[in-house]
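Enquirer: just need the structure, nothing else, for what follows:
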Amino acid sequence: MKTERRHELQHNVLADWLGLQIERFEEYGRLILGVLIGAVVLIGLYSYMRTQSTYRQEQGWQRFFTAMDDISQKGDTEPLTQLAESSEFTGTPVGEWAVLSLADVHLREGIGQLFTDRAAATKSLRSAVDGYTFIVDHSRSPMLQERAALGTGRAYESLNELDKARAAYEALAAKGTGPLAAEAQQRLRDINREPTKRFYDWFFAASPPRVGLGAQGMPGMPGVRPDFGALPDESGFKPSATDSLLSTPANPPAGAEGAAPGDAPAAETASQPETTQPETPASQPETPQPEGSASPEAATVEDKAAAPVADKSPE
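Expert: The predicted structure is shown next:
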């Protein structure tokens with residue numbers, strides 16, 4: 001009996017607790033249900049946005065690699081420029097890599113243009129500085145920041161602004177520990193050397209040479225016909241009288257008129273004479289030969305033929 005009574009009491013206590021919870025749920029049921037529905041909606045929205053962000057990033061990376069292929073194969077920087085300036089990818093890894101890569105392109109172009117066009121080189125290098133500075137100030141990736149800091153120093157060095165280049169190298173060398181920091185330290189040692197300073201002073205004081213004759217403004221290249229541009233009109237050209245190669249003698253020798261410049265001299269032509277038989281003059285009549293007598297030529301032939309026989313005859 002005691003055991004049954006104990007189970008009955010336990011059952012009553014559980015029933016009372018469940019009833020109390022049901023009453024509380026009925027009081028706050030709508031609030032709890034609203035919270036649950038809101039949580040489900042938030043989870044679904046987060047999943048959707050994450051999926052869309054992943055898809056957008058994949059599309060961005062595809063555009064990035066396509067743009068890099070266009071630069072390497074065609075030299076076309078427009079797709080990469082559009083990607084770097086797109087607000088859709090601002091602050092994303094794709095956008096930051098696009099800005100950094102475009103700054104690298106401007107840096108390479110600027111360094112190459114220093115030897116031909118200083119104005120174009122300055123413009124390209126300033127664009128590189130702007131791109132590198134944006135990455136240093138806004139990127140959250142330490143690797144991108146270090147690469148941008150090193151590029152900033154190189155761009156300022158190419159602009160002959162050595163103080164700014166030194167500051168960029170020092171900032172990278174102070175906080176970096178990788179290979180880029182070591183390269184920044186090496187560049188610091190180089191620009192602090194006196195021969196390096198003299199070289200930059202000499203290089204930027206000199207005027208770049210004119211554009212070469214090769215294709216696309218480059219010096220002559222093997223297998224490529226130079227573009228000589230618009231040649232002067234030679235119709236009014238008059239050679240000097242003292243020019244022995246171009247002047248014509250005032251009194252050409254007889255027989256020289258009408259002769260081509262490439263004709264061989266007469267001496268060379270006469271070096272191989274043709275053998276001709278002299279003709280008998282018509283004014284000398286032939287001497288008639290008496291009948292029965294042989295001509296002198298025939299007699300000579302007969303004498304020559306009979307001579308050996310006479311030698312062999314006995315005395």
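Enquirer: can you list contacts of stretch 127-143?
Expert: Under the contact criterion Cβ atoms under 8 Å, 6 or more residues apart in numbering, stretch 127-143 has outside partners 84, 91, 93, 96, 99-100, 102-104, 106-107, 110, 144-145, 147-149, 151-152, 155-156, 159. Backbone N, C-alpha and C define where each C-beta goes, glycine included.
Enquirer: host element of the residue nearest to Asp190 when sequence neighbours are not counted?
Expert: Of all residues not flanking Asp190 in the chain, Thr196 sits nearest, at 5.4 Å (Cβ to Cβ, 6 or more residues apart in numbering). Here Thr196, judged by DSSP states H and E, is contained in helix 194-205.
Enquirer: what residues does that helix touch?
Expert: Residues from elsewhere that reach helix 194-205 (Cβ under 8 Å, 6+ apart): Leu114, Asn160, Leu162, Asp190, Ile191.
Enquirer: secondary structure and pLDDT added to those, as TSV?
Expert: Output for those, formatted as TSV (DSSP: H, G, I helix; E, B strand; the rest coil; pLDDT from 0 to 100):
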residue	secondary structure	pLDDT
Leu114	coil	93
Asn160	coil	94
Leu162	helix	94
Asp190	helix	93
Ile191	helix	92
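Enquirer: show me the helices in the protein, by range?
Expert: In the chain, the helices defined using DSSP state H lie at 2-74, 78-85, 93-113, 118-138, 142-158, 162-175, 179-191, 194-205, 266-270, 296-312.
Enquirer: returning to what we had before: widest-spaced pair of the contacts of helix 194-205?
Expert: Within the contacts of helix 194-205, Leu114 and Asp190 form the most distant pair, 17.3 Å apart (Cβ to Cβ).
Enquirer: the more surrounded of these two?
Expert: Leu114 (19 against 12; other Cβ atoms under 10 Å).
Enquirer: against Ser124, how distant is Gly112?
Expert: Distance, Gly112 to Ser124, using Cβ to Cβ, to the nearest Å: 9 Å.
Enquirer: of the two, who's got more company?
Expert: For Gly112 versus Ser124, neighbours defined as other Cβ under 10 Å are more numerous around Ser124 (22 against 14).
Enquirer: can you give me the pLDDT of that one?
Expert: What the model reports as pLDDT for Ser124 is 96.
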